[in-house]
Structures are given as structure tokens and as C-alpha cells.
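Engineer: sequence and predicted model, in that order:
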Amino acid sequence: MVETTKTALILVDVINSFFEPGQPNYYAGVESVLDPMRALLETARKSGTIVVHAVEKHRPEFYDFEWRKLPVHHLEDAHDAAFFADFRPEGPNETTIFKRRFSAFFATDLALFLHEQKVTRVVIAGVKTNVCIRASAQDAFANGFEPVVPREATNSNRPHLAEASLEDIERYMGRVVPLQEALGMLA
């Protein structure tokens with residue numbers, strides 16, 4: 001039996017909250033992932049690869065369980081929840097998944113969507129490595145996808161936790177690869 005691999009790109013939380021100075025989740029050094037993510041997005045767009053923009057949004061009129069640990073954030077139509085700069089979805093091969101927890105898969109239709117598109121591997125990039133990227137990689141694996149994380153396209157304001165998360169992803173769930181290898185998967 002010949003096994004075929006179809007890859008999709010998942011960009012996680014590329015929103016103003018993390019990337020615009022002065023916003024609630026901005027941290028020094030986060031900008032280092034922007035150019036690698038742009039390269040991934042450009043490559044996926046050129047090749048017609050599916051791109052999923054997974055962004056956290058909450059309903060302003062209702063309580064959200066996440067707020068017992070975190071302040072109110074990423075409300076629908078709020079500036080902090082808007083796509084950052086040139087990372088808005090474009091074209092027929094791009095879609096948006098709204099998440100209310102750390103994982104792009106938890107309580108969304110992402111796994112169903114990707115299975116329907118015959119995707120077997122997901123390249124996951126964005127922020128933060130030790131929170132949303134790790135949770136998304138773990139749930140990708142649990143849903144039968146091979147998660148691939150390009151090292152240069154994710155980071156965290158807690159580097160020691162980011163490194164531990166990447167080690168766990170590599171050891172137990174999928175692969176952590178150099179940017180060039182991930183670009184080749186999307187070409």
C-alpha cells in the first residue's frame with residue numbers, strides 16, 4: 001500500500017494581542033517568528049496548500065471558563081483579537097478556525113475539516129510554543145495527524161518551557177524541524 005502525505009499549514013494566534021507592542025500578550029522577542037511565518041504562508045499560498053488561521057476569540061456577553069486563570073481577552077470584534085498585519089486569510093485555500101481554548105483542535109471542527117480534505121500532516125506555527133502550539137500539536141497527534149513544528153516559527157516569553165515543549169513534541173508526538181524542511185513540505 002502506498003501512503004500519501006497531504007500537508008496543511010496551521011497558523012496559531014497571529015493576532016494583535018501577541019504581536020503589537022502595548023497589547024496584552026505582547027512580549028519582547030515575539031517578532032522573531034514573523035519572517036519565518038511569512039515564508040511558510042507565502043510558500044503555502046503559492047503551492048495551493050490549505051492554510052488554517054486558528055485564532056482565539058471569546059464572546060463578550062458570556063463568561064468563559066478560561067477567565068478563571070486569565071484576564072478577559074480576545075473578545076469578538078476587539079482590536080487585540082484582530083489578525084496581525086498581513087496575516088489575514090486570503091483566497092480559496094484559506095480558512096479560519098475560532099478557538100476558545102489553547103488547542104486549535106479542542107471543541108472546533110478543525111479535525112473534521114482536515115480529515116475531509118485528506119490531510120495527514122500539519123505544519124503548526126505561531127505562539128506561544130509552550131501553550132497553544134504544544135496543545136495544538138498534542139491534539140493533532142490525538143486526532144491522527146502528524147504534527148510538524150518549524151523551530152524558527154514559534155517562540156515564547158518562557159524559553160525554558162518552550163524548549164521543553166519542543167522536546168516533548170519531537171519525542172512523543174511529531175517532529176520539530178528547521179524552517180527550510182517545513183517550507184519543502186508546503187511547496
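Structural biologist: That came through fine.

Engineer: packing partners of the lengthiest helix in the chain?
Structural biologist: As assigned by DSSP state H, the longest helix anywhere in the chain is helix 34-47. Here helix 34-47 touches strand 7-12, strand 50-56, strand 121-127, helix 179-186, going by 3 or more CB pairs under 8 Å, 6 or more residues apart in numbering; DSSP states H and E. Using the backbone N, CA and C atoms, a C-beta is placed for each residue, glycine as well.

Engineer: ok, which of these comes nearest residue 163?
Structural biologist: Closest to residue 163 of the helices and strands packed on helix 34-47 is strand 121-127 (CB to CB; 14.9 Å).

Engineer: centre of the chain to that closest one, how far?
Structural biologist: 5 Å (CA atoms, centre = their mean, to the nearest Å).

Engineer: check which helices and strands the helix or strand just after that strand sits against.
Structural biologist: Once strand 121-127 ends, the next helix or strand along the chain (criterion: DSSP states H and E) is helix 134-142. Applying 3+ CB pairs under 8 Å, 6+ apart, one finds that helix 134-142 contacts strand 7-12, strand 121-127, strand 146-150.

Engineer: for the ones you listed, which one sits closest to residue 83?
Structural biologist: Judged by CB to CB, the one of the helices and strands packed on helix 134-142 that comes nearest to residue 83 is strand 7-12, at 9.6 Å.

Engineer: what pairs with the closest one, parallel or antiparallel?
Structural biologist: Strands that pair with strand 7-12, judged by DSSP bridges, come out as strand 50-56 (parallel), strand 121-127 (parallel).
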